[in-house]
Structure formats: structure tokens, C-alpha cells
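Novice: Take this sequence and fold it.
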Amino acid sequence: DARMGKKTSKVWPGYKAHILMEEETGIITAVETTPANATDGSQLQPMIKAQEQSLSIKPQELTADKAYGWGENLELLADRQIIANIALAKSANRRNRDYFSVEDFLYDPDKVMLICPAGYVSTNCYGVVLYGDEPDKPGYAFRFRPTWCNVCQLKSKCVKNRAGRRIHISYYEPYYRQAKQRLATEEGKEAYRNRYRIEQKVADLARYCGLRR
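Specialist: Modelled structure (predicted):
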């Protein structure tokens, strides 16, 4: 059942232990063991549900690193009114790193519209699946009219071609932005700094309880 795991330059055959822990006491409230090639993010929802079913625990907040920052996870936490102190992986601007990125556009999920930095409003979109992430995400591809972009004073920071700018927005974009806003607060920063406690717990399990083997 073992598989090859990889983290940065380290490769090993074996398993992973995924752990939920109560921060103040260090008591483990849920654990899942998987082959080493399993993704961390895929284990968050099953462990939260298992913790709730077996111990009737519903946390007010949950802190985790960016490996758990999947859109599905953030949506679940939001639906259950659990504050997410989760960092997100930096999104690459595939057009040009000096161009406006997705974060520079104002997104209204209720009206399904996107407002560019220059103030133009696009409701012209179609559904897409955004590949290359884990897992793939449903979303929208918004188009801005060439007649807007070609006369815009901000065009040099947005798009080179004359066909207008196209922006892909994940279905989970509102949850991503909510998570970023949380970590920008002092409360969110403080909660994320306390993440070292779970790292200590894992180190103790590896050193004294045979977890490494």
C-alpha cells in the first residue's frame, strides 16, 4: 500500500499521517493515514467530518498551511461558519508578471460580473474548467471588449493584443479572497503564527512514538 512521497527535494517510500489537533492542549482529535503520494488538501474535509461525528467537536477556527488551501475546503469551512486561517499558494500571472492579475479585478459572484482596474464592467463570460491546479476548478472566463481595452490608458499594464483582456475566475474566488483578507488581519496573523504547535506535535510523534517508521 505504500507509495512514493515527495516534498521539495526529498523523496521517500511510505505513508503520511494527517492530523487535526486542538491548539491549546495539543490533544489530537482526528487522524488519517494515507499512502505518501496522497495530497494533504484532500484529507481536511474527511477529518473535520470524522471529528464532528465521533467527538461532536465543531471548531470556531481552523489553521493550516497552504497545502490545505483548496477551494472546496474553504467553501466547507465558510458553510460551517469556521474561520479559516489558511495561507494560499501564490497565483502566477501567466500573461506577464507586470500586468494586472486576477486580484486586481473586482469580482461580484452574485451578479456574475467582473470590473477591471479602469472601471469597465464585463458580464460576457462562459463556464470553463481551470486545469493545472489540484484538483481542477470550475470557473468562468470573462472577456472585455476590444473597444474598451484598445483605448484604455491602462492597457500597457493589462494586455498586449488588440482582442481585449480575458480573465479566468475560479468558482471559489470569493473564498480565496475571504481567506486572504483574514490573514491580513492581526488576528489572522497571530493564529497562523501558532501553526508551529502542530509541527511540534508531529516532531514529537516522529521522535518518541515511532511515527517516522
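Novice: my read: Thr39 touches Ala67, true?
Specialist: Yes: using Cβ atoms under 8 Å, Thr39 makes contact with Ala67 at a distance of 7.5 Å. Glycine gets a C-beta too; all of them are placed from N, C-alpha and C.
Novice: Neighbour count: these two, which is higher?
Specialist: The residue with more neighbours, out of Thr39 and Ala67, is Ala67; 17 against 14, by other Cβ atoms under 10 Å.
Novice: For that one, which three-state class applies?
Specialist: Of the three states, Ala67 takes helix according to DSSP: H, G, I helix; E, B strand; the rest coil.
Novice: so where's the chain uncertain?
Specialist: Residue ranges of the chain with pLDDT under 70: 91-97, 131-135.
Novice: Helices of that one, start to end?
Specialist: 44-55, 71-79, 146-149, 173-183, 186-193, 196-208 (DSSP state H).
Novice: residues in contact with the residue nearest the centre of the chain?
Specialist: For the chain, the residue sitting closest to the mean C-alpha position, by Cα atoms, centre = their mean, is Gly69 at 2.8 Å. Contact analysis of Gly69 by Cβ atoms under 8 Å, 6 or more residues apart in numbering lists 41, 86-89, 176, 179.
Novice: Going by neighbour count, which of those residues comes out on top?
Specialist: Counting neighbours by other Cβ under 10 Å, Ile86 leads the contacts of Gly69 with 29 neighbours.
Novice: Many thanks, we can stop here.
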